[in-house]
Structures are given as structure tokens and as C-alpha cells.
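Quick one: sequence and predicted model below, then my questions.
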Amino acid sequence: MADPFPPPRLLPSGDSAVTVEFSRTIDETANRRVLALDHALAAASLAGITETVPTYRSLLVHYDPCVIDHATLGANLLALSAGTLAPETEVRRWRVPVCYGGEHGIDLEDVAKALSLTPDEVVARHVAATYRVAMIGFTPGWSYLSGLDPTLQMSRRQNPRLATPPGIVAIGGIQTGIQCLAGPCGWHLLGRTAMRTFQLHRQPTFLLEPGDEVSFTAVDAKMFAEQERAAEGGELIAERIAA
């Protein structure tokens, strides 16, 4: 039977890494193929692979050229990438509390005006969707989520902020995201969550993983403050929900 998907492009990335590119645009199927290859490589335990880094549309594979050469690695990557996508199993699902608007979501009013919606409508549409963690990157725990309601999609800010607080929940383009640490951001800030997607001395250190599903629930400022205190003590805050 013919492979339903075109083979990925193998792009050398220095002398000890190769990028396996499944698409040149953000694409749900491409991201599923990235994660499927990542899992397949982990299961295959191929000698010489030192690290893999999944992104929206490609997988960066680091390897030791003294153990496996580029041609052999490339052949294995193409073989593992071929075939249909296996159905996802054991998907972890999380419910994440967010305090929307006010001092915690300083762009909510402007987003609502730009989209000809009320702030309550923006929040309602944002919490109604089920999101998928497509990748982790930029800063530790920064979670890029696919699945944003098309009616909430809008260009990123023309002037990125140099400093934003930890735990922001924001939208930019076709994505929504959770920024764990304080830092710069060019997205529109809808709210904040007390959940730490990254906490150095906690187990697990990284809470969300690519392939996880996420939904949001709105909480008020008082609840957010209580959850912030609990998160500082190591509590996960996010709720793991049954399939």
C-alpha cells in the first residue's frame, strides 16, 4: 500500500544534527507526524542519537557521528517516518485555571474591540476550545497550543513587550500559549494562570508535554491569588482529567 504522506525533508544541521521537516507551515497533521517520529525513535533506541527536539513541523535529531553516520541515520529516519499515523493513545488531559482580564489580562479589552466581541465573549470562546500542546520552546515551559477558535485569531502585537509576568495566557496568530517565566512577549495577554509549566525543584520539573490536551477554566482574582501561593509550594494547580 502506498504511503499516504510524502516523505519528510532531511536537512543537515551542522555535523551532528539533522532536521526532519514534515511541512513548511504550521499544520496539525505535520505536528502529529513529528511527535509520532519522536516516540518511534525513543522506542527504537537507535544507537548514537543523543537528543531530539520536537517543534510544530519538524524534529531536530542530535547524534554522535562517531557512532552513527548521517546516511545511516537518514535511512532510519525515513523508514520510521513512513506509513500511516497510529492513533494517539494515553493522551494526557489537563484543566488549567486562568484569571482573565484586569491586571492579569491587560489586552483582553483591546482584543475584544479588535474582534468586535465583548470581553466575556472572548473568554467564553477561549475556554470552550480543547487545545493540543504542539511544542515547548523559547523559554523553559513556554507551551505553544494549537486549536485556537478561528474567531479569536489575530496578528501578534506590532510592538512586543520587553517584560511580561510569569504565567501569562496569550494569543498570537493561530495559536494560544502559556508562558511560564517572566520575559518578553509579542502576544496579546488574555489572563494569567498560577500553574507552573516549569518548576526547577518540583517533580515533574516540566508539567506539560507535546501531545497533551489542555482546556482552560476561568477563576477570579481571589482564587488566582490562593493558587499562586499553593503553586509556590510546589502544587501542580492544573487538574489532570480523565479521558
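Nice, thanks for sending it over.

Does R95 fall in a helix, a strand, or a coil region?
strand (DSSP: H, G, I helix; E, B strand; the rest coil).

likewise F138?
State at F138, reduced to three classes by three-state DSSP: coil.

what about the helices in the protein?
Here the chain has its helices, by DSSP state H, at 28-44, 70-81, 108-114, 119-128, 221-232.

And these, which one averages the lowest pLDDT?
Ranked on mean pLDDT, the bottom entry among the helices of the chain is helix 28-44, at a mean of 93.

And the contacts of that one?
With CB atoms under 8 Å, 6 or more residues apart in numbering as the test, helix 28-44 has contacts from 5, 8, 20, 22-23, 49, 52, 54-59, 61, 76-77, 80-81, 85-86, 88, 132, 134-135, 146, 210-211. C-beta here means a position set from N, CA and C on the backbone, and glycine is covered the same way.

For it, buried residues please.
30-41 (16 or more other CB atoms under 10 Å).

Which of the residues you listed sits closest to V219?
The shortest approach to V219 among these belongs to N31, at 29.3 Å (CB to CB).

need the contact list for L73.
Contacts of L73 were listed using CB under 8 Å, 6+ apart, and they are 18, 46, 48-49, 61, 63.

Which member of those residues is positioned nearest G172?
Nearest member of the contacts of L73 to G172, counting by CB to CB, is V61, at 27.8 Å.

For T176, see how far away the closest residue to G147 other than its chain neighbours is.
Sequence neighbours aside, Y131 is the residue nearest to G147 in space, at 4.1 Å (criterion: CB to CB, 6 or more residues apart in numbering). Separation of Y131 from T176 (CB to CB, to the nearest Å): 6 Å.

what do you get for L145?
To T176, L145 is 5 Å away according to CB to CB.

Common neighbours of those two, please.
Shared contacts of L145 and T176, defined by CB under 8 Å, 6+ apart, are found at Y131.

Report the inter-axis angle for the lowest-mean-pLDDT helix or strand in the chain versus helix 70-81.
Ranking every helix and strand in the chain by mean pLDDT, DSSP states H and E puts helix 28-44 at the bottom, with a mean of 93. Angle, helix 28-44 to helix 70-81, by axes from the mean of the first three to the mean of the last three CA atoms, to 10 degrees: 110 degrees.

distance of the one residue sitting closest to the centre of the chain from R9?
Most central in the chain under CA atoms, centre = their mean is Y144, positioned 2.9 Å from the mean C-alpha point. Distance from Y144 to R9, counting by CB to CB: 22 Å.

cool, L207 as well?
To R9, L207 is 32 Å away according to CB to CB.

more neighbours, those two?
Neighbours per residue (other CB atoms under 10 Å) separate L207 from R9, with L207 holding more: 23 against 12.
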